[in-house]
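Q: show me the folded form of this:
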Amino acid sequence: MFAASSSGTTRAPFLLDMAQDLDTSLPVVANLMAATAIAWGVSSGVAGTAADRYGRRVFLVGGPAGLGLGLAGISLSQSILELALWSTFIGGCAGAYSGVLMTEVSSRTADRQRGRALGWVMAGQSLSLLVGVPLSAWIGSYIGWRGVSRVSAVLGLLTAIALFATTRRPSSSDRMAQRAAPGWRAVMTRPVLRLLAMGVGERVGFGLSVLYFATFLQTTYGLTPAGVALPLGIVAIGNILGTMLGGQAADRMPDRLRTFAAAMLGSGIAGLALYWWTPNLAVTVALGAAFSTFSAMCRPSLMAALANVPDAVRGTVMGLNVTAACLGWIGAASLGGWVMASFGFAAFGPFILVVSAFAAVLALLGRKTIPTRTV
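A: The predicted structure follows:
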(Lines give C-alpha, C1' and ligand atoms only; values in the text may rest on other atoms or scores of the structure.)
Protein backbone atom coordinates (compact mmCIF):
# COMPACT_ATOMS: atom_id res chain seq x y z
CA MET A 1 0.00 0.00 0.00
CA PHE A 2 2.97 2.31 0.59
CA ALA A 3 4.14 1.64 -2.97
CA ALA A 4 0.67 2.24 -4.42
CA SER A 5 0.06 5.49 -2.55
CA SER A 6 3.59 6.79 -3.12
CA SER A 7 3.19 6.39 -6.87
CA GLY A 8 1.05 9.52 -6.81
CA THR A 9 1.95 11.45 -3.66
CA THR A 10 5.69 11.54 -4.41
CA ARG A 11 4.95 13.69 -7.47
CA ALA A 12 3.42 16.44 -5.31
CA PRO A 13 6.67 18.32 -4.52
CA PHE A 14 7.65 18.43 -8.21
CA LEU A 15 4.51 19.66 -9.96
CA LEU A 16 6.09 23.00 -10.81
CA ASP A 17 9.31 21.38 -12.04
CA MET A 18 7.32 18.93 -14.16
CA ALA A 19 5.28 21.77 -15.69
CA GLN A 20 8.41 23.73 -16.57
CA ASP A 21 10.20 20.68 -17.94
CA LEU A 22 7.28 19.71 -20.18
CA ASP A 23 6.46 23.31 -21.15
CA THR A 24 2.92 23.31 -19.78
CA SER A 25 0.98 24.92 -16.93
CA LEU A 26 0.89 23.88 -13.29
CA PRO A 27 -2.91 23.24 -13.23
CA VAL A 28 -2.61 20.87 -16.20
CA VAL A 29 0.04 18.77 -14.43
CA ALA A 30 -1.85 18.87 -11.12
CA ASN A 31 -5.08 17.70 -12.77
CA LEU A 32 -3.35 14.51 -13.89
CA MET A 33 -3.89 13.34 -10.31
CA ALA A 34 -7.59 13.11 -11.20
CA ALA A 35 -6.77 10.84 -14.16
CA THR A 36 -4.82 8.60 -11.82
CA ALA A 37 -7.69 8.51 -9.29
CA ILE A 38 -10.34 7.72 -11.90
CA ALA A 39 -8.30 4.89 -13.41
CA TRP A 40 -7.59 3.61 -9.88
CA GLY A 41 -11.27 3.48 -8.99
CA VAL A 42 -12.40 1.82 -12.23
CA SER A 43 -9.67 -0.84 -12.22
CA SER A 44 -10.29 -1.71 -8.55
CA GLY A 45 -13.88 -2.73 -9.23
CA VAL A 46 -12.95 -4.73 -12.34
CA ALA A 47 -9.95 -6.44 -10.71
CA GLY A 48 -11.93 -7.38 -7.61
CA THR A 49 -14.53 -9.21 -9.69
CA ALA A 50 -11.89 -10.89 -11.87
CA ALA A 51 -9.93 -11.98 -8.77
CA ASP A 52 -13.02 -13.78 -7.45
CA ARG A 53 -13.19 -15.71 -10.69
CA TYR A 54 -9.55 -16.38 -11.60
CA GLY A 55 -7.67 -16.03 -8.32
CA ARG A 56 -5.80 -13.14 -6.73
CA ARG A 57 -2.14 -13.86 -7.32
CA VAL A 58 -1.97 -12.57 -10.88
CA PHE A 59 -3.21 -9.17 -9.65
CA LEU A 60 -1.06 -9.11 -6.52
CA VAL A 61 2.09 -9.66 -8.59
CA GLY A 62 1.12 -8.10 -11.92
CA GLY A 63 -0.29 -4.89 -10.42
CA PRO A 64 2.89 -3.63 -8.73
CA ALA A 65 5.02 -4.89 -11.63
CA GLY A 66 2.91 -2.76 -13.99
CA LEU A 67 3.16 0.09 -11.50
CA GLY A 68 6.95 -0.05 -11.75
CA LEU A 69 6.77 -0.08 -15.55
CA GLY A 70 4.41 2.91 -15.56
CA LEU A 71 6.60 4.95 -13.22
CA ALA A 72 9.58 4.24 -15.45
CA GLY A 73 7.46 5.50 -18.35
CA ILE A 74 6.69 8.70 -16.43
CA SER A 75 10.40 9.30 -15.93
CA LEU A 76 10.92 9.11 -19.72
CA SER A 77 7.94 11.28 -20.72
CA GLN A 78 8.77 14.10 -23.10
CA SER A 79 5.29 15.59 -23.50
CA ILE A 80 2.20 16.22 -21.41
CA LEU A 81 0.31 13.62 -23.47
CA GLU A 82 2.85 10.92 -22.59
CA LEU A 83 2.70 11.97 -18.95
CA ALA A 84 -1.11 11.79 -19.00
CA LEU A 85 -1.12 8.31 -20.52
CA TRP A 86 1.42 6.94 -18.06
CA SER A 87 -0.35 8.63 -15.12
CA THR A 88 -3.58 6.88 -16.12
CA PHE A 89 -1.72 3.61 -16.56
CA ILE A 90 -0.18 3.67 -13.08
CA GLY A 91 -3.58 4.48 -11.58
CA GLY A 92 -5.00 1.41 -13.27
CA CYS A 93 -2.13 -0.77 -12.04
CA ALA A 94 -2.39 0.50 -8.46
CA GLY A 95 -6.13 -0.11 -8.49
CA ALA A 96 -5.65 -3.59 -9.93
CA TYR A 97 -3.96 -4.77 -6.74
CA SER A 98 -4.87 -2.44 -3.85
CA GLY A 99 -8.39 -3.79 -3.36
CA VAL A 100 -7.25 -7.35 -4.07
CA LEU A 101 -4.52 -6.90 -1.46
CA MET A 102 -7.16 -6.07 1.17
CA THR A 103 -9.05 -9.19 0.14
CA GLU A 104 -5.93 -11.32 0.55
CA VAL A 105 -5.24 -9.88 4.00
CA SER A 106 -8.85 -10.53 5.03
CA SER A 107 -8.63 -14.14 3.83
CA ARG A 108 -5.40 -14.82 5.72
CA THR A 109 -6.64 -13.54 9.09
CA ALA A 110 -9.38 -14.61 11.46
CA ASP A 111 -12.28 -12.23 11.98
CA ARG A 112 -11.15 -11.37 15.51
CA GLN A 113 -7.80 -10.13 14.10
CA ARG A 114 -9.01 -8.63 10.84
CA GLY A 115 -9.38 -5.05 11.99
CA ARG A 116 -5.82 -4.86 13.25
CA ALA A 117 -4.41 -6.55 10.15
CA LEU A 118 -6.23 -4.21 7.81
CA GLY A 119 -5.21 -1.26 9.97
CA TRP A 120 -1.54 -2.15 9.62
CA VAL A 121 -1.85 -2.49 5.84
CA MET A 122 -3.74 0.80 5.51
CA ALA A 123 -1.02 2.51 7.55
CA GLY A 124 1.11 2.22 4.41
CA GLN A 125 -0.97 5.01 2.89
CA SER A 126 -0.31 7.26 5.88
CA LEU A 127 3.41 6.46 5.77
CA SER A 128 3.52 7.62 2.16
CA LEU A 129 2.51 11.09 3.42
CA LEU A 130 4.71 11.07 6.52
CA VAL A 131 7.81 9.45 4.99
CA GLY A 132 7.35 9.12 1.24
CA VAL A 133 6.73 12.77 0.35
CA PRO A 134 9.56 14.31 2.46
CA LEU A 135 11.96 11.58 1.36
CA SER A 136 11.09 12.07 -2.30
CA ALA A 137 11.59 15.83 -1.94
CA TRP A 138 15.04 15.24 -0.44
CA ILE A 139 16.02 12.70 -3.09
CA GLY A 140 14.62 14.92 -5.82
CA SER A 141 16.89 17.77 -4.79
CA TYR A 142 19.77 15.63 -6.06
CA ILE A 143 18.32 13.64 -8.98
CA GLY A 144 15.21 15.59 -10.02
CA TRP A 145 11.62 14.45 -10.52
CA ARG A 146 12.58 11.95 -13.21
CA GLY A 147 15.05 10.31 -10.85
CA VAL A 148 12.41 10.10 -8.10
CA SER A 149 10.05 8.39 -10.56
CA ARG A 150 12.75 5.81 -11.29
CA VAL A 151 13.28 5.19 -7.57
CA SER A 152 9.52 4.70 -7.18
CA ALA A 153 9.59 2.32 -10.15
CA VAL A 154 12.19 0.18 -8.38
CA LEU A 155 9.97 0.19 -5.27
CA GLY A 156 7.07 -1.10 -7.37
CA LEU A 157 9.16 -3.91 -8.82
CA LEU A 158 10.47 -4.88 -5.37
CA THR A 159 6.86 -4.97 -4.16
CA ALA A 160 5.97 -7.37 -7.00
CA ILE A 161 8.86 -9.65 -6.04
CA ALA A 162 7.88 -9.56 -2.35
CA LEU A 163 4.24 -10.40 -3.11
CA PHE A 164 5.32 -13.18 -5.48
CA ALA A 165 7.24 -14.76 -2.60
CA THR A 166 4.48 -14.10 -0.05
CA THR A 167 1.71 -15.68 -2.15
CA ARG A 168 3.53 -18.82 -3.30
CA ARG A 169 1.20 -20.67 -0.97
CA PRO A 170 -2.31 -19.40 -1.79
CA SER A 171 -4.86 -18.77 0.93
CA SER A 172 -7.62 -21.34 1.25
CA SER A 173 -10.28 -19.01 -0.17
CA ASP A 174 -8.12 -18.16 -3.19
CA ARG A 175 -7.62 -21.84 -3.96
CA MET A 176 -11.41 -22.14 -4.13
CA ALA A 177 -11.87 -19.09 -6.38
CA GLN A 178 -15.07 -19.31 -8.38
CA ARG A 179 -14.76 -20.27 -12.04
CA ALA A 180 -17.91 -18.37 -12.91
CA ALA A 181 -18.20 -14.71 -12.07
CA PRO A 182 -20.60 -14.21 -9.13
CA GLY A 183 -23.87 -12.56 -10.00
CA TRP A 184 -24.10 -8.89 -9.18
CA ARG A 185 -27.29 -9.59 -7.26
CA ALA A 186 -25.16 -11.61 -4.82
CA VAL A 187 -22.84 -8.64 -4.37
CA MET A 188 -24.89 -5.46 -4.55
CA THR A 189 -27.11 -6.19 -1.59
CA ARG A 190 -28.61 -3.43 0.53
CA PRO A 191 -26.15 -3.96 3.42
CA VAL A 192 -23.14 -3.81 1.08
CA LEU A 193 -24.47 -0.69 -0.64
CA ARG A 194 -24.97 0.91 2.76
CA LEU A 195 -21.37 0.13 3.76
CA LEU A 196 -20.06 1.51 0.46
CA ALA A 197 -22.08 4.72 0.96
CA MET A 198 -20.59 5.03 4.45
CA GLY A 199 -17.13 4.73 2.87
CA VAL A 200 -17.88 7.50 0.36
CA GLY A 201 -19.04 9.78 3.18
CA GLU A 202 -15.94 9.09 5.25
CA ARG A 203 -13.61 9.77 2.29
CA VAL A 204 -15.37 13.01 1.33
CA GLY A 205 -14.91 14.46 4.81
CA PHE A 206 -11.34 13.24 5.20
CA GLY A 207 -10.31 14.13 1.64
CA LEU A 208 -11.75 17.62 1.95
CA SER A 209 -9.45 18.40 4.85
CA VAL A 210 -6.38 16.59 3.51
CA LEU A 211 -6.52 18.27 0.10
CA TYR A 212 -7.01 21.81 1.42
CA PHE A 213 -5.43 21.79 4.89
CA ALA A 214 -2.07 23.14 3.70
CA THR A 215 -3.81 25.97 1.82
CA PHE A 216 -5.94 26.67 4.91
CA LEU A 217 -2.78 27.03 7.03
CA GLN A 218 -1.12 29.29 4.49
CA THR A 219 -4.19 31.51 4.16
CA THR A 220 -4.96 31.71 7.88
CA TYR A 221 -1.45 32.06 9.30
CA GLY A 222 0.60 33.28 6.33
CA LEU A 223 2.86 30.22 6.29
CA THR A 224 5.23 29.49 3.44
CA PRO A 225 5.13 26.12 1.64
CA ALA A 226 8.13 25.06 3.71
CA GLY A 227 6.41 26.24 6.87
CA VAL A 228 3.52 23.80 6.52
CA ALA A 229 5.83 20.77 6.47
CA LEU A 230 5.90 20.28 10.26
CA PRO A 231 2.13 20.77 10.77
CA LEU A 232 1.40 18.31 7.96
CA GLY A 233 3.80 15.80 9.53
CA ILE A 234 1.99 16.08 12.88
CA VAL A 235 -1.36 15.54 11.18
CA ALA A 236 0.06 12.50 9.35
CA ILE A 237 1.20 11.05 12.69
CA GLY A 238 -2.37 11.47 13.92
CA ASN A 239 -3.57 9.53 10.90
CA ILE A 240 -1.21 6.63 11.63
CA LEU A 241 -2.21 6.66 15.31
CA GLY A 242 -5.89 6.62 14.36
CA THR A 243 -5.37 3.66 12.03
CA MET A 244 -3.70 1.67 14.79
CA LEU A 245 -6.32 2.58 17.40
CA GLY A 246 -9.10 1.90 14.92
CA GLY A 247 -7.75 -1.58 14.23
CA GLN A 248 -7.69 -2.37 17.93
CA ALA A 249 -11.22 -1.02 18.42
CA ALA A 250 -12.54 -2.97 15.41
CA ASP A 251 -11.36 -6.25 16.95
CA ARG A 252 -12.03 -5.56 20.62
CA MET A 253 -15.28 -3.59 20.67
CA PRO A 254 -18.49 -5.63 20.39
CA ASP A 255 -20.09 -3.63 17.56
CA ARG A 256 -18.02 -2.41 14.62
CA LEU A 257 -20.73 -0.17 13.22
CA ARG A 258 -21.14 1.64 16.55
CA THR A 259 -17.37 2.06 16.63
CA PHE A 260 -17.46 3.52 13.11
CA ALA A 261 -20.33 5.87 14.01
CA ALA A 262 -18.62 7.12 17.17
CA ALA A 263 -15.37 7.82 15.35
CA MET A 264 -17.22 9.56 12.52
CA LEU A 265 -19.04 11.85 14.94
CA GLY A 266 -15.73 12.58 16.65
CA SER A 267 -14.16 13.54 13.33
CA GLY A 268 -17.15 15.75 12.48
CA ILE A 269 -16.93 17.66 15.77
CA ALA A 270 -13.14 18.01 15.44
CA GLY A 271 -13.57 19.21 11.84
CA LEU A 272 -16.10 21.84 12.92
CA ALA A 273 -13.76 23.14 15.62
CA LEU A 274 -10.78 23.03 13.24
CA TYR A 275 -12.25 25.45 10.74
CA TRP A 276 -14.32 27.59 13.08
CA TRP A 277 -11.88 28.18 15.93
CA THR A 278 -8.44 29.49 14.94
CA PRO A 279 -6.89 31.24 17.99
CA ASN A 280 -3.32 30.26 17.04
CA LEU A 281 -1.31 27.84 14.95
CA ALA A 282 -0.67 25.34 17.76
CA VAL A 283 -4.39 24.90 18.48
CA THR A 284 -5.18 24.52 14.78
CA VAL A 285 -2.50 21.85 14.30
CA ALA A 286 -3.72 20.00 17.41
CA LEU A 287 -7.29 20.05 16.09
CA GLY A 288 -6.05 18.90 12.68
CA ALA A 289 -4.28 15.97 14.32
CA ALA A 290 -7.44 15.14 16.32
CA PHE A 291 -9.57 15.24 13.19
CA SER A 292 -7.09 13.02 11.33
CA THR A 293 -7.00 10.54 14.23
CA PHE A 294 -10.78 10.20 14.51
CA SER A 295 -11.20 9.94 10.76
CA ALA A 296 -8.56 7.21 10.46
CA MET A 297 -10.18 5.26 13.31
CA CYS A 298 -13.26 4.74 11.12
CA ARG A 299 -11.56 2.80 8.34
CA PRO A 300 -10.56 -0.50 10.02
CA SER A 301 -14.09 -1.08 11.36
CA LEU A 302 -15.60 -0.34 7.96
CA MET A 303 -13.10 -2.53 6.12
CA ALA A 304 -13.53 -5.41 8.55
CA ALA A 305 -17.32 -5.19 8.17
CA LEU A 306 -17.00 -5.20 4.37
CA ALA A 307 -14.72 -8.24 4.52
CA ASN A 308 -17.39 -10.23 6.36
CA VAL A 309 -18.99 -11.48 3.14
CA PRO A 310 -18.72 -14.90 1.46
CA ASP A 311 -15.31 -15.74 -0.01
CA ALA A 312 -16.79 -15.98 -3.52
CA VAL A 313 -17.64 -12.26 -3.60
CA ARG A 314 -15.13 -10.77 -1.17
CA GLY A 315 -12.76 -9.58 -3.91
CA THR A 316 -15.60 -7.81 -5.70
CA VAL A 317 -16.77 -6.10 -2.53
CA MET A 318 -13.27 -4.98 -1.48
CA GLY A 319 -12.56 -3.74 -5.00
CA LEU A 320 -15.78 -1.73 -4.99
CA ASN A 321 -14.72 -0.28 -1.64
CA VAL A 322 -11.62 1.18 -3.28
CA THR A 323 -13.80 2.48 -6.12
CA ALA A 324 -16.09 4.14 -3.57
CA ALA A 325 -13.07 5.68 -1.82
CA CYS A 326 -11.87 7.14 -5.13
CA LEU A 327 -15.34 8.62 -5.70
CA GLY A 328 -15.08 10.18 -2.25
CA TRP A 329 -11.71 11.76 -3.08
CA ILE A 330 -12.99 13.12 -6.39
CA GLY A 331 -16.07 14.48 -4.63
CA ALA A 332 -13.91 16.09 -1.97
CA ALA A 333 -11.74 17.81 -4.57
CA SER A 334 -14.67 19.18 -6.57
CA LEU A 335 -16.97 20.07 -3.66
CA GLY A 336 -14.10 21.52 -1.65
CA GLY A 337 -13.13 23.89 -4.43
CA TRP A 338 -16.73 25.07 -4.79
CA VAL A 339 -17.25 25.50 -1.03
CA MET A 340 -13.97 27.38 -0.64
CA ALA A 341 -14.68 29.70 -3.57
CA SER A 342 -18.30 30.35 -2.56
CA PHE A 343 -18.20 30.52 1.23
CA GLY A 344 -14.57 30.38 2.39
CA PHE A 345 -12.80 27.91 4.68
CA ALA A 346 -15.25 28.58 7.53
CA ALA A 347 -17.86 26.54 5.64
CA PHE A 348 -15.63 23.46 5.67
CA GLY A 349 -16.45 22.79 9.33
CA PRO A 350 -20.25 22.52 9.01
CA PHE A 351 -19.90 20.61 5.74
CA ILE A 352 -17.59 18.01 7.31
CA LEU A 353 -19.92 17.70 10.32
CA VAL A 354 -22.97 17.10 8.08
CA VAL A 355 -21.17 14.47 5.98
CA SER A 356 -19.81 12.74 9.09
CA ALA A 357 -23.22 12.70 10.75
CA PHE A 358 -24.80 11.27 7.59
CA ALA A 359 -22.28 8.40 7.49
CA ALA A 360 -22.77 7.77 11.22
CA VAL A 361 -26.56 7.62 10.82
CA LEU A 362 -26.19 5.12 7.96
CA ALA A 363 -24.05 2.95 10.23
CA LEU A 364 -26.48 3.05 13.15
CA LEU A 365 -29.52 2.40 10.96
CA GLY A 366 -27.80 -0.57 9.36
CA ARG A 367 -26.79 -2.33 12.55
CA LYS A 368 -29.70 -4.81 12.38
CA THR A 369 -29.13 -5.71 8.72
CA ILE A 370 -25.33 -5.76 8.41
CA PRO A 371 -23.47 -8.68 10.05
CA THR A 372 -20.12 -7.16 11.00
CA ARG A 373 -18.61 -10.24 12.62
CA THR A 374 -18.31 -13.88 11.75
CA VAL A 375 -20.43 -15.94 14.11
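Q: contacts, neighbours, all on C-alpha from now
A: Fine.
Q: remind me which residues of this structure are low pLDDT?
A: 12, 171-186, 225-226, 367-375 (pLDDT under 70).
Q: would you map out the domains in it?
A: According to automatic domain parsing, the chain comprises the domains 2-167, 189-365.
Q: distance between the ends of the longest one?
A: Just to be clear, that refers to domain 189-365. Distance across domain 189-365, first residue to last, is 15 Å (C-alpha to C-alpha, to the nearest Å).
Q: also the shortest one?
A: Distance between the two ends of domain 2-167: 18 Å, counting by C-alpha to C-alpha.
Q: distance from that domain to the middle of the chain?
A: 11 Å (C-alpha atoms, centre = their mean, to the nearest Å).
Q: not counting its neighbours along the chain, what's nearest residue 11?
A: Distances taken as C-alpha to C-alpha, 6 or more residues apart in numbering put residue 145 closest to residue 11, at 7.4 Å, once the chain neighbours are dropped.
Q: now do the contacts for the one you found.
A: 11, 14, 17, 18, 75 (C-alpha atoms under 8 Å, 6 or more residues apart in numbering).
Q: and which of those residues is nearest residue 107?
A: residue 11 (33.0 Å; C-alpha to C-alpha).
Q: hmm, residue 289 is touching residue 241, no?
A: No - if you go by C-alpha atoms under 8 Å, residue 289 and residue 241 don't touch, sitting 9.6 Å apart.
Q: ok, those two, which is more surrounded?
A: Using other C-alpha atoms under 10 Å, the more surrounded residue of residue 289 and residue 241 is residue 289, with 25 against 20.
Q: for that one, pull up the helix or strand it's in.
A: helix 281-307 (DSSP states H and E).
Q: and for residue 117?
A: Judged by DSSP H and E, residue 117 forms part of helix 111-127.
Q: how near is residue 204 to residue 127?
A: Going from residue 204 to residue 127 by C-alpha to C-alpha gives 20 Å.
Q: re the thing from before, and the angle from the next helix or strand after the helix holding residue 289 to helix 281-307?
A: Counting by DSSP H and E, the next helix or strand C-terminal to helix 281-307 is helix 311-343. Here the directions of helix 311-343 and helix 281-307 differ by 150 degrees (axes from the mean of the first three to the mean of the last three C-alpha atoms, to 10 degrees).
Q: residue 51 - how many residues pack around it?
A: When neighbours are counted by other C-alpha under 10 Å, residue 51 registers 29.
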